[in-house]
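Peer 1: Dropping the sequence and predicted coords here.
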Amino acid sequence: MRVTHSAMDLNLLTALDVLLEECSVSGAAERMHLSEPAMSRTLGRIRKAVGDPILVRAGRAMVPTPHALAIHAEVRAVVERARTLFAAAGDVDLRTLSRTFTVLAHDVFAAAYGAALFERARVEAPGVRLKFLAESHVDTPALREGVADLEVGVIDTRAPEVCTEHLFDDRMVACVRPGHPLLRGPITPARFAAADHLIVSRRGKLHGPIDGALAELGLTRRVVGTAPTFPSSLFILTASDLVGLVTGSVSAVAEQLGLKTFDIPLDLPPVPLGLAWHPRHDADPGHAWLRRCMGDTLATALTVGTSSAAEGASVAEQTSGAEGPSTPV
């Protein structure tokens with residue numbers, strides 16, 4: 001009886017984790033292959049065991065209680081550790097894997113790589129769902145608290161409770177609308193600085209590494225403002241004479257909107273891209289598969305992005321004699 005009771009408690013924890021992810025009895029029932037009445041009974045047992053309503057009605061939706069939010073990270077950690085314990089080391093049946101992975105990244109990452117990642121999951125692990133979370137304007141320990149399973153991008157944390165993997169060094173490229181005045185001649189540091197610039201910053205910062213590189217040449221640029229996300233900045237660029245930035249590996253997103261990309265005429269530091277995750281996922285074979293997917297997709301995108309950036313760099317050379325100044329300003 002004791003063994004049965006322990007298994008029942010673990011099942012309740014798994015159900016609690018899913019319920020807090022879905023914030024829906026019907027959604028959780030579908031995920032766990034149960035009927036809605038059965039899931040409702042399970043929620044009732046959880047409420048009795050925890051001594052808290054866990055989910056409460058808010059209009060047509062259900063929202064977690066403050067206590068549920070406080071314990072979710074711990075519940076997720078226990079469930080993940082149990083899943084890893086019972087899985088054979090390094091072995092996972094992707095065809096039967098039923099998981100939801102939350103990926104924290106710039107939203108341009110989802111725009112650039114989302115389709116390829118969803119397709120790979122459909123083919124290799126159809127029971128896996130991917131949730132992309134945009135970076136917040138405030139720093140929170142999303143990996144430690146279980147809010148996200150994997151972080152992708154520039155990993156600058158030195159926290160000992162975070163595992164990291166460097167993938168490659170990317171580079172920033174500039175992007176402008178077709179016919180932009182900058183494209184009418186050689187793009188020198190002086191001409192680049194003289195243009196009006198738009199910065200992408202989740203905190204609204206009006207300066208960045210480019211300003212430091214320009215200062216070393218005795219130049220300053222005029223930053224007219226910021227956009228909170230890369231996609232929003234790209235749409236602004238399509239209808240203005242502002243100059244924006246993207247990394248080379250996601251330049252295809254800008255080009256899909258008809259924007260032109262070109263090399264920035266400055267000596268800029270590389271942009272290190274990598275992955276970060278909490279150590280509790282380190283030996284999890286499902287999570288290891290997710291990390292491989294991200295690494296493979298980014299590596300492919302880097303090759304494509306580098307080729308696209310090289311083609312874009314020749315735009316100014318091809319149009320240098322069309323109109324406007326042909327000598328440095």
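Peer 2: Great, that's in hand.
Peer 1: At which residues are the helices of this structure located?
Peer 2: Applying DSSP state H to the chain gives helices spanning 2-22, 25-31, 36-50, 66-86, 107-124, 189-194, 209-216, 230-238, 251-256, 285-313, 315-319.
Peer 1: you'd agree residue 253 is up against residue 234?
Peer 2: Yes: judged on CB atoms under 8 Å, residue 253 makes contact with residue 234 at a distance of 6.8 Å. C-beta here means a position set from N, CA and C on the backbone, and glycine is covered the same way.
Peer 1: Report the set of residues contacting both of those two.
Peer 2: residue 246 (CB atoms under 8 Å, 6 or more residues apart in numbering).
Peer 1: if you count what's nearby, which of these two comes out ahead?
Peer 2: residue 234 (25 against 20; other CB atoms under 10 Å).
Peer 1: how close does that one sit to residue 170?
Peer 2: 17 Å (CB to CB, to the nearest Å).
Peer 1: Could you pull up the residues touching the residue positioned nearest the centre of the chain?
Peer 2: For the chain, the residue lying nearest the average C-alpha position, counting by CA atoms, centre = their mean, turns out to be residue 105 (1.7 Å). With contacts defined as CB under 8 Å, 6+ apart, the neighbours of residue 105 are 132-135, 151-153.
Peer 1: need the contact list for the residue nearest to residue 229 when sequence neighbours are not counted.
Peer 2: Spatial nearest neighbour of residue 229, chain neighbours left out: residue 107 (5.0 Å); criterion: CB to CB, 6 or more residues apart in numbering. With contact taken as CB under 8 Å, 6+ apart, residue 107 is in contact with 132, 134, 229-231.
Peer 1: shaky segments in the stretch 1-150 of the chain?
Peer 2: Within the stretch 1-150 of the chain, the set of residues satisfying pLDDT under 70 comprises 1-9, 84-91, 136-139.
Peer 1: Identify the bridge partners of residue 260.
Peer 2: residue 176 (DSSP bridges).
Peer 1: and it, how many neighbours?
Peer 2: Neighbours around residue 260, by other CB under 10 Å: 20.
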